[in-house]
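Trainee: Model the structure of this input:
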Amino acid sequence: MDHKLSVIILSWNSERDVNDCITSLLEATRNIETEIIVIDNGSTDGTIGLLEQFGEKIKLHRLQENKGVAPARNIGLKQASNDIIWILDIDTIVNQKAAEGLFQHITTHEQCGLCACKLTDANGVPQESCRKLPWPKYKLMNILATRKFLPTSLSRWINEKNERQFYHKELSMESPFSVEYTIGACQMFRKEILDKVGYLDESIFYGPEDADFCQRITRTGKEITILPQFQIIHHYNRTSQKKFFSVATYKHIKGLFHYYIKQL
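Mentor: Got it, this is the predicted structure:
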């Protein structure tokens, strides 16, 4: 069987990222039969105009309002016509080595339910993109890790725990490894997995729909695999980081509670 790729990308006021992302993607997938589906979540800046310049190289679906990550991505997933799906964030810059490496792995490793590569910033510094499931204990450690007033011994203990929570050691190596989940900025999987686990949970507007999706995949006996020998740039444009408390932060917390309730 000749495998083909459908790439699902969301945009929302993403004018600074559009050209770099789409241009790099077109180059990276030049040896793979690919369709690029962009779902715009009601952008009000120049995003649409920039996307329209790519013409028939992409399939653009415009929403009138921001419906959130999961609902919008599901629109793209349902439009995908190929057997391999690659979810990407608009603030990524990909390359041929990573695209073909992920594609080769997911099409040849039956036990792999979803795979991703290493994400770095523009300077090549690895990001904490693969993680343990977002249980409250880990969320608490993440908050405490940013506090400067903690005793040295407690800070050291938290840092040691976070080393394991974010798979720092494994990411520093070159061998594939399994994780509990990886963020939705880069996820490649077979379309058929959707028949087993369903689409993204639309009750989660913004996070942790990616953790929930990966968890449902692992419950089928498949693995979530990171291929650290490949990497792409991720600028990580998180609107919730701009303020301690914002609408995005509220919706993220609401999504977490929905996720926790599902586990009961």
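Trainee: average pLDDT for stretch 252-264?
Mentor: Mean per-residue pLDDT for stretch 252-264: 88.
Trainee: For it, which residues meet the burial criterion?
Mentor: His252, Gly255, Leu256, His258, Tyr259 (16 or more other Cβ atoms under 10 Å). C-beta here means a position set from N, CA and C on the backbone, and glycine is covered the same way.
Trainee: May I have it exported as PDB, CA atoms only?
Mentor: Extracted C-alpha coordinates of stretch 252-264, given in PDB (Å, rounded to 0.1, in the frame of the first residue of the first chain):
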ATOM      1  CA  HIS A 252      -7.200  25.600  30.200                       C
ATOM      2  CA  ILE A 253      -8.100  25.000  33.900                       C
ATOM      3  CA  LYS A 254     -11.700  24.200  32.900                       C
ATOM      4  CA  GLY A 255     -10.300  21.600  30.400                       C
ATOM      5  CA  LEU A 256      -8.100  20.000  33.100                       C
ATOM      6  CA  PHE A 257     -11.000  19.600  35.500                       C
ATOM      7  CA  HIS A 258     -13.100  18.000  32.700                       C
ATOM      8  CA  TYR A 259     -10.200  15.600  32.000                       C
ATOM      9  CA  TYR A 260      -9.900  14.700  35.700                       C
ATOM     10  CA  ILE A 261     -13.600  14.000  36.000                       C
ATOM     11  CA  LYS A 262     -13.400  11.700  33.000                       C
ATOM     12  CA  GLN A 263     -10.900   9.500  35.000                       C
ATOM     13  CA  LEU A 264     -13.400   8.900  37.800                       C
END
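Trainee: And the contacts of that stretch?
Mentor: Residues outside stretch 252-264 that contact it (Cβ atoms under 8 Å, 6 or more residues apart in numbering) are 134, 136, 139, 201, 203-209, 211-212, 240.
Trainee: next one: stretch 227-235
Mentor: Under Cβ under 8 Å, 6+ apart, the answer for stretch 227-235 is 17, 89, 91-95, 97-98, 101-102, 105, 115-122, 124, 126-127, 129, 170-177, 185-186.
Trainee: Select only the buried ones of those residues in ChimeraX?
Mentor: Buried residues among those (16+ other Cβ under 10 Å), as a ChimeraX selection:
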select :17,89,91,92,93,94,95,98,101,102,105,115,116,117,118,119,120,126,127,129,170,171,176,177,185,186
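Trainee: returning to what we had before: just put the buried residues of stretch 252-264 in JSON lines and tack on distance to Ile193 and secondary structure.
Mentor: JSON lines is the format used below for the buried residues of stretch 252-264 (distance: Cβ to Cβ, whole Å; DSSP: H, G, I helix; E, B strand; the rest coil):
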{"residue": "His252", "distance to Ile193": "25", "secondary structure": "helix"}
{"residue": "Gly255", "distance to Ile193": "22", "secondary structure": "helix"}
{"residue": "Leu256", "distance to Ile193": "24", "secondary structure": "helix"}
{"residue": "His258", "distance to Ile193": "22", "secondary structure": "helix"}
{"residue": "Tyr259", "distance to Ile193": "19", "secondary structure": "helix"}
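Trainee: nearest to Ile37, of those?
Mentor: The closest of the buried residues of stretch 252-264 to Ile37 turns out to be Gly255 (Cβ to Cβ; 23.5 Å).
Trainee: count of residues packed around the spatially closest residue to Arg30 that is not a sequence neighbour?
Mentor: Distances taken as Cβ to Cβ, 6 or more residues apart in numbering place Gln96 nearest to Arg30, at 7.2 Å, with adjacent residues excluded. A count of neighbours around Gln96, defined by other Cβ atoms under 10 Å, yields 14.
Trainee: How about the one 10 residues further on?
Mentor: Ile106 has 25 neighbouring residues, counting by other Cβ under 10 Å.
Trainee: Remind me what the helix or strand of the chain with the lowest mean pLDDT packs against, helices and strands.
Mentor: When each helix and strand of the chain is scored by mean pLDDT, DSSP states H and E, helix 136-145 comes last, with a mean of 72. The contact analysis (3 or more Cβ pairs under 8 Å, 6 or more residues apart in numbering; DSSP states H and E) places helix 136-145 against helix 152-165.
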